[in-house]
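Chemist: quick one: sequence and predicted model below, then my questions.
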There are 4 protein chains.
Amino acid sequence: MRIDKEHVHSTNEKYLQRHRSSFQELAERLEYSGIDVEGVISEMASFRVAIPSWALGAGGTRFGRFSFGGEPATLHQKLDDVAIIDALTSCASAISLHIPWDIPEDASATAAYAASLGIEFDAVNSNTFQDQLGQNHSYKFGSLCHTEKAVRDLAIEHTLEVVRTGDALGSKSITIWLADGASFPGQMNFRRALDHTRDSLQRIYREMPEDWKMLIEYKPYEPNFYATVINDWGTSYHLAQSCGERAFTLVDLGHHLPNTNIEQIVATLAGLGKLGGFHFNDSKYGDDDLTVGSVKPYQLYLIFCELIEWMKTGGEEPAWMIDASHNLKDPLEDLIQSLEAIQTALAKALILDTATLDKKQLQNDPAMCQEILKDAYETDVRPLLREVRLRSGAALDPITAYRELQVRHHLIRERGSTTRATGL
Amino acid sequence: MRIDKEHVHSTNEKYLQRHRSSFQELAERLEYSGIDVEGVISEMASFRVAIPSWALGAGGTRFGRFSFGGEPATLHQKLDDVAIIDALTSCASAISLHIPWDIPEDASATAAYAASLGIEFDAVNSNTFQDQLGQNHSYKFGSLCHTEKAVRDLAIEHTLEVVRTGDALGSKSITIWLADGASFPGQMNFRRALDHTRDSLQRIYREMPEDWKMLIEYKPYEPNFYATVINDWGTSYHLAQSCGERAFTLVDLGHHLPNTNIEQIVATLAGLGKLGGFHFNDSKYGDDDLTVGSVKPYQLYLIFCELIEWMKTGGEEPAWMIDASHNLKDPLEDLIQSLEAIQTALAKALILDTATLDKKQLQNDPAMCQEILKDAYETDVRPLLREVRLRSGAALDPITAYRELQVRHHLIRERGSTTRATGL
Amino acid sequence: MRIDKEHVHSTNEKYLQRHRSSFQELAERLEYSGIDVEGVISEMASFRVAIPSWALGAGGTRFGRFSFGGEPATLHQKLDDVAIIDALTSCASAISLHIPWDIPEDASATAAYAASLGIEFDAVNSNTFQDQLGQNHSYKFGSLCHTEKAVRDLAIEHTLEVVRTGDALGSKSITIWLADGASFPGQMNFRRALDHTRDSLQRIYREMPEDWKMLIEYKPYEPNFYATVINDWGTSYHLAQSCGERAFTLVDLGHHLPNTNIEQIVATLAGLGKLGGFHFNDSKYGDDDLTVGSVKPYQLYLIFCELIEWMKTGGEEPAWMIDASHNLKDPLEDLIQSLEAIQTALAKALILDTATLDKKQLQNDPAMCQEILKDAYETDVRPLLREVRLRSGAALDPITAYRELQVRHHLIRERGSTTRATGL
Amino acid sequence: MRIDKEHVHSTNEKYLQRHRSSFQELAERLEYSGIDVEGVISEMASFRVAIPSWALGAGGTRFGRFSFGGEPATLHQKLDDVAIIDALTSCASAISLHIPWDIPEDASATAAYAASLGIEFDAVNSNTFQDQLGQNHSYKFGSLCHTEKAVRDLAIEHTLEVVRTGDALGSKSITIWLADGASFPGQMNFRRALDHTRDSLQRIYREMPEDWKMLIEYKPYEPNFYATVINDWGTSYHLAQSCGERAFTLVDLGHHLPNTNIEQIVATLAGLGKLGGFHFNDSKYGDDDLTVGSVKPYQLYLIFCELIEWMKTGGEEPAWMIDASHNLKDPLEDLIQSLEAIQTALAKALILDTATLDKKQLQNDPAMCQEILKDAYETDVRPLLREVRLRSGAALDPITAYRELQVRHHLIRERGSTTRATGL
């Protein structure tokens, strides 16, 4: 199924009048407060988030998986799904592949197909947390950190293969998340594991194309439950430093210990010049992989305030990706809701009165700082989001359009109800 | 210093026109969605939160305290401060006293003075976590749970004295928070401590006036760092059950372990008929006692959704109180910001489309449930708050009015800059 | 493979002399301190822990599973595995089945086979967190709590079927763990879900045989990541109260929020007469399902101190079971290590000088309480464990014997290296 | 009160025979396993932990303080207290001062007095979390991170004054813990605060004597409850890197988020050459400042395994200090228990069979790694501790000796029951 402008336009029509009036009101109010509304719209219009290929099918937990109909069975079908999301939201024109789940049979054909849909290839992802059929060594006890050179070599070679695959498609960066770690005290020598990991990453770094970036992800636990080799931003930062200028840290919102101040980590990494990528999701307990903004929308806003401040002061934009798992919702609806939450936080951060905030921070007036922060946060920015989408030919209300157009129904008819997308 | 209607009116004037226009727009939008705006305003207008007497001065941490000028030195000055807050916000016409910090010299004079200010006495609070000068037994190792009968008797007698003090002022309930617990494994026999606590509470319950309620607060840790006798809602619920119909559990937002789903506890206690009181504050790590809504506004909204649902289905309204500690902000500004956050969450919960939510819950459609929840949450309800305040003669924007009227400046002039309010 | 006394005896021989000397020394030291060593040995010898049928094969995480050779493919092979563990440890003569993973084809034949191995059937476990092939309703949105009566009825009927299966084998209790909950705010009406759950449990309770117990497990999160219906001990306690005298709470060590004081919950439930069952494992982050005692052995000891105190004062012994998941270790070795940790904690709790501890608690002398607690904990009780096993014909050092007897090697030869046990 | 060898000897006599026999047995067993017992004793005998001057009086929480009699009122009395502890334990011959609580009136007289007691001056500590009387700027909104240069200058000058004070007494390092941070989102610009802190630390570093070390402590929260400038090891590491070779990170066991793997941080910092200092205490919830080893003794052991491995491979020994707060116990008893716990963990780490552990780690055999780790941990090493103390003329059982010698009774008689030591 493809969604064209006319489809979208037809779903918009009946909401247009109300939208215009509410946008008008909001724009006036914002301009009265000195905000450059067209500037905000322009920044929002250029904001793109990559969709991970593995989030297009139903996710599962270790306790089971409840499947969804119409899941994409091939890489081209995954591209189709991203195109659907992009047609409705106009902010999802990139896909992030996971190798070996998404190896293209014919890279140039896949690249051409993606181009025909207007979709780019964002960071590619390696997988050394599962053994592939016929693999002659096991990652059961680690990959880039493994005690045995043969296993490390296999993992390095796999990672470089992922780079080559991505390079053929036009990707320019690789995200490395390692499950490597230990589930029991004593199992692993911490320093040896870190040393091996650093050596392996340096080798990969040296062999990457010169215009590529390496994004090093950290995570405190799971699937190892005592220690993970790259467990926090400090470790990732050290490794990125050890590799070189094009190595960065990637922050995944769900990869932190309870009560972590993530926005502070974002600011620190930005200040150190090592904030390279971002995985959006939400969580209440651990790496819950819930819809972005569904549990802690204020935290998301605070993070965007840091990101925007960083980019306004000349910082380079990190690679943005959603990384969630869709156990209970239609995966495409879940992604649309995630994008909505991201754009909401973005819009609020863009209308924040940073000049006055700065002044009040210098005066150490926390009550007023809070007032300013809350003023932007409490603003209903949905008319802004709708206006941005309207101007790009997307849906005023993407979820409503998705249901009105009966997308899932069509996908099931096309693909059947028992296909299963590769992924977790 | 007293704030009269004219003062408030003068600060409102210049914002009136913009308020009317934004309220008009919001009211129209809400009514278009089927919401009874006047009904919402009426519910909001009748909502009252008690101000704790000990939150009117600067709070401290164990690392120190930075004092604020113009703190209230007497109980009457504390009542004056509450009157100031109420004049600006119209939702703070009650005070919650803490004995022995707030023993009135002449109860009837104090009652009359409060009445002249339009202030009522909400739940009174006992204090058995500190020894008073000349006390002949120490609470160092507990009070109602103590291994020695003499200490338990002293704590029971103190608590009943608090009840008598409150009764003379018109209070109708007592909040019992016990620091009782242990800082080291082995120090305390868990079952004996719980048994003593139950016996002590039952004795207090039996001797309370028949129209009084007992609110039993729980807290997992601090100031004891291994175990607290009444550590969670389950324990408090058991104790309330053991006392009788007029004993209830009190929920303090800051008294939970990391990642606790507090809104679920609220719903469960409501369903069990034992939700008796509520202490508002906010926190990121522990019992941080931050301004309400300053860290987790969405959680606050979700809690209010439960509370509103409970009251709509005939549940009795719990006793509401702010319980925060103001280390860095002007305490009155902090309380005003807390009230604003509470009313914001309340307003959003009141405009929630519960009928459609219920339908979507029955259809197990989590994506749509989230849309409905977010629709109310993303609405900018500040015009509603302003309208409620305007109709009650309060300030359109209380913090701005507080600063324009230079309240702190006047208080310092009246009371000096070195007074120190009793409290933590 | 079966392990007989002679095999075990042969592995013991070379360690016997050193054991006798170290046991002699320990026994003298303990008796000098007034401990009845024979009494302790006798209590330890009668202590039995049930082995869960699903822990005999390799476990997995949502990120994958690394299989182990020689896994039991049938229920009888699972019984064989338990018999191996029991032969080596003499404290594992019961199995806990999980239905539908372990439905016996011929219950009386299975019962007879188990009897021939000296193995009893402990609590049976229902499974409503996964859909079975051909099931006409789905548990995707809950089972006993479901919004639709048809799903609840299916889940009730399944649970009763589990009871009937267990009854035919000689079990006397059912453990009910429900994954029921919600992953998103708004998805579920908390009070309705709890009401449905209570009604469903009451129906099951009424239809259970009169000599059966119901054990209600709680868990804060996973696989649902916003709320779980039976999320904490308070909720489980309320449900057990609502069902009747033979309904109890079951505590799983891994099912708590960060920093929970589990030993206090154990003491409280014991005092309330509702501590019915216990699942042993260990964890650092969440429900990590690690080997018992591998991460927090002191916590385990403190829990056993509560359990022993409870049983010494006439409390009924709860049902004990290991509940762990073996991703990286040989499952049988992992279970043996878990049993060793349990018996270590048990032995230390049994030699605790409770009389003096009680005296020091009454004197509020936390330093001495800690000395007494640590005195037992720091004692090397391994000679006691060895003596208990020696007297029962088990192995002095079960792990060493397991490796010397090359058990896994034999199992792989018998069963192959690609069998896969049912389970997570 | 001073404790001389004869006093100690007299308390030892009646335990000597039993000690000799139990030490003999343990030594034989360890030597049978290939352990160089004399080598272990020699390492233990040279291990010294500094006592913080502020831990010699009763500590408090923000909810109050229960005082203890006989607290040291002067710096010389604090030195006397440390001498008492050292006489009993022979491992506490250093003190760590906190300025301005411990400014010596006459540095050379104090140095001479300390020398006469055999006590050295370990790291000195600055205090910029409280304002001192008459201070012309306030640290309410930070010190080294402050938005205003004048406040930063004041804090820098104070810190250098602390260095000078320490230098006059023979200290060779300064520990910098900053409370600097924010309690509310928006209050502080993260990057500016970090930049100011880095600049300030660099200035202090440049002006320190060339043989001094700077130890930079981190802490996630408290007394600021939203963000702390130096919140984790990564930030501290970055700052230490920015200052130079003699700047290091200091790890305080209580300064971590829930579930942090502290032993891994220790190993990482050691590997990076930046592990400079260590504050011992224990905690269940936050910075609870409980007696070392009273809650998580296994974690302490795991940390010591890392430290010992680090030092065995040529790593420099960090500065060791206890940092606890004694609310409920006699402070000296608490410190003695902390030292006992530290030496217990040290002894167990020293008898760990690291060669076999290394082999099993290389074989990826987690079950055997755990066996080896547990073998050392389960060993009752108390006879080793007693032997070390006996050889140094200290008490076989320090707590018992402390009580038998009625130390507290004597201190109260000498100093009175209402003195109050400076500190928290």
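Modeler: Cool, the structure landed. Residues are numbered from 1 along each chain as shown, chains lettered A, B, ... in the order given.
Chemist: from here on, contacts and neighbour counts on C-alpha atoms
Modeler: OK.
Chemist: need the contact list for the residue in the stretch 301-424 of chain A that chain D sits nearest to.
Modeler: Of the stretch 301-424 of chain A, the residue with the smallest distance to chain D, taken as CA to the nearest CA, is A:Pro366 at 4.8 Å. Residues near A:Pro366 by CA atoms under 8 Å, 6 or more residues apart in numbering or on different chains: A:360, B:328-329, D:184, D:186-187.
Chemist: and those residues, which is closest to chain C?
Modeler: D:Phe184 (24.0 Å).
Chemist: run a quick neighbour tally on the nearest residue to the closest one once chain neighbours are set aside.
Modeler: Using CA to CA, 6 or more residues apart in numbering or on different chains and skipping the chain neighbours, the partner closest in space to D:Phe184 is D:Tyr226 (5.5 Å). Using other CA atoms under 10 Å in any protein chain shown, D:Tyr226 is surrounded by 27 other residues.
Chemist: let me see the contact set for D:Tyr226.
Modeler: Contacts of D:Tyr226 (CA under 8 Å, 6+ apart): A:261, B:284, D:181-185.
Chemist: equivalent analysis for A:Gln187, please.
Modeler: D:361, D:364-366, D:369-370.
Chemist: what's the most distant pair in the contacts of D:Tyr226?
Modeler: B:Lys284 and D:Gly181 (13.8 Å; CA to CA).
Chemist: you'd agree A:Tyr301 is up against A:Lys348?
Modeler: Yes: assessed by CA atoms under 8 Å, A:Tyr301 is found in contact with A:Lys348 at 7.1 Å.
Chemist: overlap of the contact sets of these two?
Modeler: With CA under 8 Å, 6+ apart as the test, A:Tyr301 and A:Lys348 both reach A:Tyr377.
Chemist: if we ignore the residues flanking it in sequence, what's nearest the residue of the stretch 51-200 of chain A found nearest chain C?
Modeler: Nearest residue of the stretch 51-200 of chain A to chain C: A:Arg62, at 4.4 Å (CA to the nearest CA). Of all residues not flanking A:Arg62 in the chain, C:Arg62 sits nearest, at 4.4 Å (CA to CA, 6+ apart).
Chemist: from B:Glu13, how far out is the one you found?
Modeler: 61 Å (CA to CA, to the nearest Å).
Chemist: list, one by one, the residues from the stretch 151-300 of chain A near chain C.
Modeler: For the stretch 151-300 of chain A, the residues in contact with chain C (CA under 8 Å from any CA of the partner chain) are A:183-185, A:221, A:223, A:225-226, A:283-285, A:288, A:290, A:294-295.
Chemist: one step back: show me the contacts for the residue of the stretch 51-200 of chain A closest to chain C.
Modeler: C:60-62, C:223, C:424 are the contacts of A:Arg62 under CA under 8 Å, 6+ apart.
Chemist: what score does it have for pLDDT?
Modeler: A:Arg62 is assigned 89 on the pLDDT scale.
Chemist: so where is chain A shaky, pLDDT-wise?
Modeler: A:424 (pLDDT under 70).
Chemist: at the geometric centre of it, which residue sits there?
Modeler: Nearest residue to the geometric centre of chain A (CA atoms, centre = their mean): A:Met321, 1.7 Å.
Chemist: just confirm it is within a strand.
Modeler: Yes: looking at A:Met321 with DSSP: H, G, I helix; E, B strand; the rest coil, it is inside a strand.
Chemist: distance check, the spatially closest residue to it that is not a sequence neighbour against chain D.
Modeler: Distances taken as CA to CA, 6+ apart place A:Ala50 nearest to A:Met321, at 4.5 Å, with adjacent residues excluded. To chain D, A:Ala50 is 28 Å away according to CA to the nearest CA, to the nearest Å.
Chemist: got the residues of chain A near chain D?
Modeler: Counting by CA under 8 Å from any CA, chain A sits next to chain D at A:141, A:147-148, A:184-191, A:194, A:226-227, A:233-235, A:257-261, A:264, A:267-268, A:271, A:302, A:357-358, A:361-362, A:364-366, A:369-370, A:373.
Chemist: buried ones among these?
Modeler: A:141, A:147-148, A:184-191, A:194, A:226-227, A:233-235, A:257-261, A:264, A:267-268, A:271, A:302, A:357-358, A:361, A:364-366, A:369-370, A:373 (16 or more other CA atoms under 10 Å in any protein chain shown).
Chemist: correct me if wrong: A:Val40 contacts A:Leu352.
Modeler: No: using CA under 8 Å as the test, A:Val40 is too far from A:Leu352 to be in contact (10.7 Å).
Chemist: tell me the buried residues in the longest helix anywhere in chain A?
Modeler: Using DSSP state H, we find that the single longest helix of chain A is helix A:5-32. Neighbour-count burial for helix A:5-32, with 16+ other CA under 10 Å as criterion, is recorded at A:7-9, A:11-12, A:16, A:19, A:22-23, A:25-27, A:30.
Chemist: also stretch A:338-357?
Modeler: For stretch A:338-357, by 16+ other CA under 10 Å, it's A:338-354, A:357.
Chemist: before we move on, what about stretch A:109-117?
Modeler: Buried residues in stretch A:109-117 (16+ other CA under 10 Å): A:110-111, A:114, A:117.
Chemist: again with stretch A:273-293
Modeler: So for stretch A:273-293, counting by 16+ other CA under 10 Å, buried means A:274-293.
Chemist: okay, now A:Ser173: neighbour count?
Modeler: The burial count assigned to A:Ser173 is 26, neighbours taken as other CA under 10 Å.
Chemist: now do the same contact list for the residue of chain A most remote from its centre.
Modeler: Distance from the centre of chain A peaks at A:Gln363, with 36.4 Å (CA atoms, centre = their mean). Applying CA under 8 Å, 6+ apart, we find A:Gln363 in contact with no residue.
Chemist: restricting to C-alpha, output stretch A:180-200 in CSV.
Modeler: Output of stretch A:180-200 as CSV, limited to C-alpha atoms (Å, rounded to 0.1, in the frame of the first residue of the first chain):
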residue,chain,number,x,y,z
ASP,A,180,28.8,-8.0,26.0
GLY,A,181,29.0,-8.4,29.7
ALA,A,182,28.6,-10.8,32.6
SER,A,183,25.6,-12.1,34.5
PHE,A,184,27.7,-13.2,37.6
PRO,A,185,30.3,-11.6,39.8
GLY,A,186,33.7,-13.1,38.9
GLN,A,187,32.7,-14.2,35.4
MET,A,188,34.5,-11.5,33.6
ASN,A,189,37.7,-9.5,34.2
PHE,A,190,36.4,-5.9,33.9
ARG,A,191,39.7,-4.4,32.7
ARG,A,192,40.5,-7.1,30.3
ALA,A,193,37.0,-6.9,28.8
LEU,A,194,37.3,-3.1,28.4
ASP,A,195,40.8,-3.4,26.9
HIS,A,196,39.6,-5.9,24.3
THR,A,197,36.6,-3.8,23.5
ARG,A,198,38.7,-0.7,23.0
ASP,A,199,41.2,-2.6,20.7
SER,A,200,38.3,-4.1,18.7
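Chemist: how about A:His417, nearest residue that isn't a chain neighbour?
Modeler: His isn't right for residue A:417; it's Ser. A:Gly69 (3.8 Å).
Chemist: equivalent analysis for A:Arg382, please.
Modeler: Using CA to CA, 6+ apart and skipping the chain neighbours, the partner closest in space to A:Arg382 is A:Thr344 (7.1 Å).
Chemist: the one you found contacts A:Val381, correct?
Modeler: Yes: with contacts counted by CA under 8 Å, A:Thr344 reaches A:Val381, the gap being 6.6 Å.
Chemist: include distance to D:Arg386 when you put the buried residues of helix A:5-32 into a markdown table, please.
Modeler: Output for these, formatted as a markdown table (distance: CA to CA, whole Å):
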| residue | distance to D:Arg386 |
| --- | --- |
| A:His7 | 84 |
| A:Val8 | 81 |
| A:His9 | 84 |
| A:Thr11 | 83 |
| A:Asn12 | 82 |
| A:Leu16 | 84 |
| A:His19 | 81 |
| A:Ser22 | 80 |
| A:Phe23 | 79 |
| A:Glu25 | 80 |
| A:Leu26 | 77 |
| A:Ala27 | 78 |
| A:Leu30 | 75 |
